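> quick one: sequence and predicted model below, then my questions.
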Amino acid sequence: MGIDLSAAVLAFAQRAAKGCERVRFVQADAQVFPFEPASFDAAFSRFGVMFFADPTAAFINIRRSLRPNGRLAFVCWRALEENPLDILPLRAASAHLPPQPAHDPDAPGPFAFANPDRVRGILERAGFGRSRSLPVTSRLEAATSIRCWRFVRGSELWARFFGKIPSSGPRRCRQCDPRLRHTMDLMGSG
Ligand SMILES: C[S@@+](CC[C@H](N)C(=O)[O-])C[C@H]1O[C@@H](n2cnc3c(N)ncnc32)[C@H](O)[C@@H]1O
């Protein structure tokens, strides 16, 4: 079973799972969805669990859906500062913005699970036994620098910061920070 709030993400997953007859998809909130108790061997999330408003409650709900000795695995982003794709545009934007309120590192969002100790505490409170985290460093490749721009522009972080700059556009923002341009050009090949 695949679960997500977004119809677009589910449609993509459905296409990817074509031919897998036993897979079904549900558009719902995994924090509160009434999963059948003790019905799954494992739960996995790719970059989804950091958005839970109440992560402990959400993981309690997910744990109940697992059989005894069931396993949970997920991938989440490390800290904002360790992700050039996000931090470089933000640094470039900040030169054009009034001082921003301090960011709460634990607030739901892409980087809410950057602290492994916090995540371990959440999982313990949710009733999971032993847990371990593994740092993974991977290079993200976009086919072209234009595609890379489209990706950055579609992100929540872009909307939050660059959206406040009335005349922001790829050309202007690429010019405003040479490191940003360099990163985009490294990630895209054209
Ligand atoms: C960064 S996207 C990752 C999407 C997909 N897993 C992937 O790897 O391409 C985060 C996803 O988490 C989903 N999400 C956030 N909170 C959720 C919740 N409470 N229940 C179900 N899905 C949630 C969003 O709808 C979004 O599709």
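Happy to help now that I have it.

> could you export stretch 53-63 as CSV, CA atoms only?
Taking Å, rounded to 0.1, in the frame of the first residue of the first chain, the C-alpha atoms of stretch 53-63 are listed here in CSV:
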residue,chain,number,x,y,z
ALA,A,53,2.8,18.0,12.2
ASP,A,54,3.0,15.7,15.2
PRO,A,55,5.7,13.1,14.4
THR,A,56,5.3,11.1,17.5
ALA,A,57,1.6,10.6,17.0
ALA,A,58,2.2,9.8,13.3
PHE,A,59,4.8,7.1,14.1
ILE,A,60,2.6,5.6,16.8
ASN,A,61,-0.1,5.3,14.1
ILE,A,62,2.4,3.7,11.7
ARG,A,63,3.8,1.4,14.3
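
> ranges for the strands of this structure?
Secondary structure of the chain by DSSP state E: the strands cover 2-4, 25-27, 40-46, 66-75.

> I'd like to know how many residues surround the residue nearest to A73 when sequence neighbours are not counted.
Once flanking residues are discounted, A73 sits nearest to F44: 5.1 Å by Cβ to Cβ, 6 or more residues apart in numbering. In short, each C-beta sits where N, CA and C put it, glycine included. The tally of other residues near F44 (other Cβ atoms under 10 Å) stands at 13.

> and what of A93?
23.

> adjust the sequence numbering to begin at 33 for everything that follows.
Sure thing, new numbering starts at 33, so read that last one as A125.
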